[in-house]
Every structure is written in C-alpha cells, then in structure tokens.
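**Q** What would the 3D arrangement of this be:
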Amino acid sequence: MTNDINGNAISRDEIVSYSQMAETGDYGADCATGRLLADALIKRMADTAYTPALGEVVGEMVRAGRWGAVHIGFFQRLADRSVQVLA
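**A** Numbers count the residues shown, from 1 in each chain. A predicted model of the protein is given here:
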C-alpha cells in the first residue's frame with residue numbers, strides 16, 4: 001500500500017503481521033507485547049504518514065477472529081496514546 005502523499009509504503013505482509021499476535025498464556029507478558037506492538041505501529045504510521053494502516057490492522061484482527069491479552073494490550077496502548085495527545 002503506497003501513501004499517495006509521500007510514496008512510503010506499509011506492505012500487506014506488514015499489516016497482517018501486526019494482526020497475528022501470538023499469545024503465550026501469560027496475561028501480563030501478553031499485554032506488554034500488545035503495547036509494544038502498538039508502539040511499533042504508531043511509529044511506523046508516523047514514519048510513513050499512513051494512518052489508514054490502523055484500520056487495516058483492525059480489519060485483519062476481526063477476520064482472524066481471535067481476541068486475547070495481546071490484543072487488549074494493543075488497544076490499551078492506543079487508548080493511552082490518544083488520551084496523552086488530547087491532554
């Protein structure tokens with residue numbers, strides 16, 4: 001996927017990789033992994049100016065039909081970052 005503004009791309013494989021979050025069964029560690037993945041995606045979107053990547057990642061998560069601590073941590077971090085920006 002190419003960003004029409006600056007030509008940077010976030011590949012389909014990269015989008016899918018964010019949605020295939022492996023669970024270890026350790027709730028705390030899995031939440032921490034999700035937060036790290038969210039940080040990585042936020043940085044990647046900032047670097048490429050391609051914010052539609054978030055919607056694409058969420059779409060892949062929904063299609064995968066999985067929900068666990070990694071996903072909870074991922075969305076927790078997104079919420080934290082959103083509130084920080086607005087504060």
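**Q** Assumed Trp67 was part of a strand.
**A** No. Under DSSP: H, G, I helix; E, B strand; the rest coil, Trp67 falls outside any strand and is assigned coil.
**Q** wait, what's in contact with the residue nearest to it when sequence neighbours are not counted?
**A** Leaving aside its chain neighbours, Trp67 sits nearest to Met61 (8.0 Å; criterion: C-beta to C-beta, 6 or more residues apart in numbering). Bear in mind the C-beta positions are built from the backbone N, C-alpha and C, glycine included. With C-beta atoms under 8 Å, 6 or more residues apart in numbering as the criterion, the residues that contact Met61 are Ser19, Trp67, His71.
**Q** Also Arg44?
**A** Counting by C-beta under 8 Å, 6+ apart, Arg44 makes contact with Ile10, Glu14, Tyr50, Ala53.
**Q** and Met1, what pLDDT?
**A** If you check Met1, the pLDDT there is 45.
**Q** typed the wrong thing, it's Ala49
**A** Per-residue pLDDT puts Ala49 at 87.
**Q** So it versus Leu78, what's the distance?
**A** The gap separating Ala49 from Leu78 is 18 Å, by C-beta to C-beta, to the nearest Å.
**Q** quick one, which of these two is more surrounded?
**A** Set side by side, Ala49 and Leu78 show more neighbours around Leu78, with 18 against 12, by other C-beta atoms under 10 Å.
**Q** so the more buried one touches Ala38, yeah?
**A** Yes. Between Leu78 and Ala38 there is a contact under C-beta atoms under 8 Å: 5.3 Å.
**Q** So for the lowest-mean-pLDDT helix or strand in the chain, what gets flagged as buried?
**A** Least confident helix or strand of the chain, by mean pLDDT, DSSP states H and E, is helix 12-19 with a mean of 82. Buried residues in helix 12-19, counted by 16 or more other C-beta atoms under 10 Å: Ile15, Tyr18, Ser19.
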